[in-house]
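Colleague: Got a sequence here, can you build the structure:
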Amino acid sequence: MTADDSLGRLDDDDYPAYTMGRAAEILGTTQGFLRAIGEARLITPLRSAGGHRRYSRYQLRIAARARELVDQGTPIEAACRIVILEDQLEEAQRINAEHRNAGEPRREAGA
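Modeller: Purely as a prediction, here's the structure:
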């Protein structure tokens with residue numbers, strides 16, 4: 001892998017670039033919180049060759065939303081379920097919009 005390849009991966013939301021310690025620091029939470037949402041199956045971090053957890057930016061956004069709910073008093077299991085449902089709803093809305101746009105007649109330029 002070249003340096004250019006490595007730099008390009010930093011723009012990838014799914015690239016597991018963050019260690020557990022760094023992820024917890026970014027989120028302002030504990031490593032235990034990250035383990036708990038992993039156990040609740042909200043996110044599944046990838047593992048490095050040495051077995052250490054690695055998190056992507058997408059996973060950090062999901063974890064941040066769960067932390068927001070927990071900070072508001074929602075039990076962690078319920079917060080994880082809410083985040084999963086929100087993510088599924090967003091995906092369904094995106095797919096519906098794509099189907100709706102695909103079904104619209106195309107307009108010709110200048111018409």
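
Colleague: all strands of this structure, in order?
Modeller: 18-19, 46-47, 53-55 (DSSP state E).

Colleague: could you dump those to JSON lines with mean neighbour count?
Modeller: The C-beta positions use only the backbone N, C-alpha and C, and glycine is treated the same way. As requested, the strands of the chain are exported to JSON lines (neighbours: other C-beta atoms under 10 Å):
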{"stretch": "strand 18-19", "mean neighbour count": "18"}
{"stretch": "strand 46-47", "mean neighbour count": "12"}
{"stretch": "strand 53-55", "mean neighbour count": "21"}
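
Colleague: mean pLDDT for the ones you listed: which is lowest?
Modeller: Comparing mean pLDDT across the strands of the chain, the weakest is strand 46-47, with a mean of 91.

Colleague: Who are the packing partners of it?
Modeller: Under the contact definition 3 or more C-beta pairs under 8 Å, 6 or more residues apart in numbering; DSSP states H and E, strand 46-47 sits against strand 53-55.

Colleague: for this structure, where's the lowest mean pLDDT among helices and strands?
Modeller: Ranked by mean pLDDT, DSSP states H and E, the weakest helix or strand in the chain is helix 3-9, scoring a mean of 59.

Colleague: Which residues are in contact with Leu34?
Modeller: Met20, Ala23, Ala24, Leu27, Pro45, Arg53, Tyr55, Ala63 (C-beta atoms under 8 Å, 6 or more residues apart in numbering).

Colleague: give me that answer again for 7 Å
Modeller: The neighbours of Leu34, taking C-beta atoms under 7 Å, 6 or more residues apart in numbering as the test, are Met20, Ala23, Ala24, Ala63.

Colleague: just checking, the first one touches Ser48?
Modeller: No. Because the distance of 10.3 Å does not satisfy C-beta atoms under 7 Å, Met20 is recorded as not touching Ser48.

Colleague: Those two: which has the busier surroundings?
Modeller: Using other C-beta atoms under 10 Å as the criterion, Met20 and Ser48 rank with Met20 on top: 17 against 11.

Colleague: quick revisit: how about the strands of the chain in JSON lines, adding distance to Ile82?
Modeller: Below are these laid out as JSON lines (distance: least, C-beta to C-beta, whole Å):
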{"stretch": "strand 18-19", "distance to Ile82": "23"}
{"stretch": "strand 46-47", "distance to Ile82": "24"}
{"stretch": "strand 53-55", "distance to Ile82": "20"}
